[in-house]
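Trainee: turn this into a model:
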Amino acid sequence: MEQPLQTEMVDMGLCEKPNGVLRTETPEPSYSATENQELEEFLPHVSRKEKQRFTDFEGKTSFGMSIFNLSNAIMGSGILGLAYAMANTGVLLFVFLLTAVALLSTYSIHLLLKSSGIVGIRAYEQLGYKAFGTPGKLAAAIAITLQNIGAMSSYLYIVKSELPLVIQTFLNLKEKTTDWYMDGNYLVIIVSASIILPLALMKQLGYLGYTSGFSLSCMVFFLCSVIYKKFQIPCPLSCDSMNATMFGNTSVIAVHVDAVEPEHEKFSAKMFTLNSQTAYTIPIMAFAFVCHPEVLPIYTELKDASKTKMQRVSNISIAVMYCMYFLAALFGYLTFYDCVESELLHTYSKVDPFDILILCVRVAVLTAVTLTVPIVLFPVRRAIHHMLFQNKEFSWIRHIIIAVVLLTLINLLVIFAPTILGIFGIIGATSAPCLIFIFPAIFYIRIVPKDKEPTKSPPKILAACFAGLGVLFMIMSLSFIIIDWATGGSKSSGSH
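Mentor: Numbers count the residues shown, from 1 in each chain. Model prediction:
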């Protein structure tokens, strides 16, 4: 009787340990041939092969390093334009919009992590495949590629425009020369080859935690400088005096500060403002927390990863960025009020082009955006892997070639396409809402089983409304860009 009983127990999923204690063995899930081929890269227990795939490794990145990486992915050049956004929305409306966007981003990441946990997949493109098959995978991969190429290009545009000014100030040159080291195009190539490419060649994203921490410290220095300058620069500082300074007449500042009486309406903090520029500031803020393509790769490499732990990483990162965004916008706005420009550093340069502190801030911002490019490049390379090399084992040659080709393409765009920012405006208005709002919501609705959450359950209804909000943002952003082009305007908007 003992042998049949043991056989029956094994059939039921029970087996006996040597010490006689029973344990339960969960039957290995069965997948179709196509699903097995797709999931093999991300579910080690599904694959019967012992060879490691390019994403099949144990997470080794610590909790703190993961926060640094995700915070650095969120932080972008958009922080330079938030003071301008506050000037065109008012303090209260700005706080409301910034808080709403932060909460919506947190909810969006929650949807991604929950969908990922149900199917055991930690890649954005594979969630698209699980939800809608190959079209879903391709749509996610294309959106990630376009969005991140646009982001990387905006960072390198900052290098192209700001680095020559830094060198000019270091050399104490009154006018820009034609020497090669003052040419932004050459400088972009040098920075890409000497700094960005070596970091982008690393196999795992977790190794960039140290550079992410240094990058964030540079932005903290930028924030501290903005707060310090609020109490150093005379207020109200007339816009005319700032413009005169650009022509080298630094003594004009003192004359205007004494001669111009305070204009209380122009040089006072407005709590609520609506004007023609307000519509352009909303998309800037809406996309200030874009980090969704990087969430799942960081989740994959998190040590002792769990949904709860990754959600904590996301919550802390978004909270830290929320505080930095708000403080940078508030003190930048309270320094210049309505005279603030869409790029905050340019406004400080009009006060004193050779200010040592502002020079250091420029260097810090350049360092921060330069070190962010490799982190943004990782999801693009991963998307290309899924589109073109789905079932291939990891290859260093392919890994290096993709990074070199991507950086070469982005450098060519920055150097030879003077109107590329308009093109990336269209890309940002289409791919960003998809990655933040639409895809996480519809993937969640499709992936979560109906027996677990019916279609008309509150969570799925909320997700559907979230997707609808994304469509609204997309229509609104595209409309603003088209109207701007049609009227011949050139509104500046920060990128991410």
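Trainee: what about the helices in the stretch 51-200 of the chain?
Mentor: 63-74, 82-87, 91-119, 124-132, 134-170, 184-191, 197-200 (DSSP state H, counting those that start in this stretch).
Trainee: out of those helices, which is the most enclosed?
Mentor: helix 82-87 (a mean of 28; mean count of other CB atoms under 10 Å). In short, each C-beta sits where N, CA and C put it, glycine included.
Trainee: that one - contacts with which helices or strands?
Mentor: helix 278-286, helix 307-336, helix 344-351 (3 or more CB pairs under 8 Å, 6 or more residues apart in numbering; DSSP states H and E).
Trainee: and those helices, which one's lowest on average pLDDT?
Mentor: Looking at the helices and strands packed on helix 82-87, the lowest mean pLDDT belongs to helix 278-286 (a mean of 69).
Trainee: residues in contact with the next helix or strand after that one?
Mentor: Going down the chain from helix 278-286, the next helix or strand is helix 292-301, by DSSP states H and E. Residues from elsewhere that reach helix 292-301 (CB atoms under 8 Å, 6 or more residues apart in numbering): 42, 55, 59-61, 66, 69-70, 73, 105, 108-109, 112-113, 116, 122-124, 127, 144, 147-148, 204-206, 305, 310, 313-314, 375-376, 378-379, 382-383, 435-436, 440.
Trainee: if we can go back for a sec, as TSV, the helices of the stretch 51-200 of the chain with distance to Ile427 and mean pLDDT would be great.
Mentor: Listed next are the helices of the stretch 51-200 of the chain as TSV, based on distance: least, CB to CB, whole Å; pLDDT from 0 to 100:
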stretch	distance to Ile427	mean pLDDT
helix 63-74	18	84
helix 82-87	21	86
helix 91-119	19	89
helix 124-132	17	86
helix 134-170	5	85
helix 184-191	20	90
helix 197-200	21	87
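Trainee: let me know which of those helices is the nearest to Ser212.
Mentor: Closest to Ser212 of the helices of the stretch 51-200 of the chain, according to CB to CB: helix 63-74, at 3.8 Å.
Trainee: and the contacts of the closest one?
Mentor: So helix 63-74 is contacted by 61, 205-206, 208-210, 212-213, 215-216, 288-291, 294-295, 298, 301-303, 309-310, 312-314, 316-318, 320-321, 371-372, 375-376 (CB under 8 Å, 6+ apart).
Trainee: same check on stretch 132-147?
Mentor: 124-130, 290, 293, 379-380, 383-384, 386-387, 427-428, 430-432, 434-435, 439, 443, 446.
Trainee: just the buried ones from these?
Mentor: Among these, the ones that count as buried by 16 or more other CB atoms under 10 Å are 124-130, 290, 293, 379-380, 383-384, 386-387, 427-428, 431-432, 434-435, 439, 443.
Trainee: returning to what we had before: looking at the helices of the stretch 51-200 of the chain, which is closest to Met271?
Mentor: Nearest of the helices of the stretch 51-200 of the chain (CB to CB): helix 91-119, 4.6 Å.
Trainee: quick one, that closest one and helix 307-336 angle?
Mentor: Interaxial angle, helix 91-119 versus helix 307-336 (axes from the mean of the first three to the mean of the last three CA atoms, to 10 degrees): 160 degrees.
Trainee: so which elements touch helix 91-119?
Mentor: Helices and strands touching helix 91-119, by 3+ CB pairs under 8 Å, 6+ apart, are helix 124-132, helix 278-286, helix 292-301, helix 307-336, helix 439-447, helix 458-487.
Trainee: could you check the angle helix 91-119 makes with the first one?
Mentor: Our comparison of helix 124-132 with helix 91-119, counting by the same axes, to 10 degrees, yields an angle of 70 degrees.
Trainee: then helix 124-132 to CSV, C-alphas only?
Mentor: Extracted C-alpha coordinates of helix 124-132, given in CSV (Å, rounded to 0.1, in the frame of the first residue of the first chain):
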residue,chain,number,x,y,z
TYR,A,124,7.9,46.8,-21.3
GLU,A,125,7.9,45.2,-24.8
GLN,A,126,7.1,41.8,-23.5
LEU,A,127,4.1,43.1,-21.6
GLY,A,128,2.9,44.5,-25.0
TYR,A,129,3.4,41.1,-26.5
LYS,A,130,1.5,39.4,-23.7
ALA,A,131,-1.4,41.9,-24.1
PHE,A,132,-1.7,42.3,-27.8
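Trainee: measure Ile195 to Val369 for me?
Mentor: Computed as CB to CB, to the nearest Å, the Ile195 to Val369 distance reads 11 Å.
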